[in-house]
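S.K.: just the structure for this:
(one chain, ligands or ions: 1)
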Amino acid sequence: MLVRDMNKNECRDLLERLGFGRLACARQDQPYVVPIYFAYEPDHLFGFSTDGQKIEWMRDNPRVCVEADEIVSEDCWTSVLVLGRYEELPDTPKYGALRLHARSLLEKRSLWWRLAIASSQTRQAVRPLPIFYCIHIEEMTGHRAFPDESPQPR
Ligand SMILES: Cc1cc2nc3c(=O)[nH]c(=O)nc-3n(C[C@H](O)[C@H](O)[C@H](O)COP(=O)(O)OP(=O)(O)OC[C@H]3O[C@@H](n4cnc5c(N)ncnc54)[C@H](O)[C@@H]3O)c2cc1C
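M.R.: Have a look, this model is predicted:
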């Protein structure tokens, strides 16, 4: 298997196409990872959630990591890592346009709304408030693996 670095454009293409990954945050030295949908735009990921552990933790510590990957087989895969900073987009006039923008991007992702609501309804009876957020991308790297085509030793 050969593994090579992906350039920034390849990383962006993968994030834009997949729109799904794992979000890692940490509080008091304890990492926490959950699957999420996101919408990629240059230098940003937009996400949607309801109140819960990840939101509480990211409010406390906005340093986050997102991993997205596409696995065809053991020796054919791509993986992109983003390091970034969480920013909530509160329901205030200042953030109104950005929230609408985030929402329009996220609505293209099927199930995004239902999933977050459904997971929240397992914990509370009242209708949850939507929380939109942005992850400002500070670093991004990608690796791509290919099958090794060199002759195998007999
Ligand atoms: C394919 C997919 C896409 C998803 N997309 C989104 C999305 O875009 N936005 C979104 O908000 N949520 C999404 N979810 C659900 C998400 O992964 C979390 O389960 C959910 O958001 C609740 O997270 P929370 O931190 O608020 O946990 P809480 O509801 O506060 O959960 C409390 C406890 O439940 C456990 N828990 C929470 N989530 C999971 C999990 N996924 N697996 C196992 N244990 C768990 C943890 O132990 C946690 O301490 C998606 C899930 C899947 C499978």
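
S.K.: give me the mean pLDDT for the biggest strand by length in the chain.
M.R.: What stands out as the longest strand in the chain, according to DSSP state E, is strand 131-146. For strand 131-146, the mean per-residue pLDDT is 97.

S.K.: one more: stretch 80-97?
M.R.: Mean pLDDT, stretch 80-97: 96.

S.K.: could I get the full set of helices for this protein?
M.R.: Along the chain, the segments classed as helices by DSSP state H run 8-18, 53-60, 96-106, 112-121.

S.K.: report the closest residue of the protein relative to the ligand.
M.R.: Closest approach between the chain and the ligand, counting by C-beta to the nearest ligand atom: residue 52, at 1.9 Å. Bear in mind the C-beta positions are built from the backbone N, C-alpha and C, glycine included.

S.K.: quick check: closest non-adjacent residue to residue 4.
M.R.: Nearest residue to residue 4 in three dimensions, chain neighbours excluded: residue 144, at 5.7 Å (C-beta to C-beta, 6 or more residues apart in numbering).

S.K.: and what of residue 44?
M.R.: Nearest to residue 44 is residue 134, by C-beta to C-beta, 6+ apart, at 5.4 Å.

S.K.: quick one: that neighbour and residue 98 touch, right?
M.R.: Yes - with contacts counted by C-beta atoms under 8 Å, residue 134 reaches residue 98, the gap being 7.4 Å.
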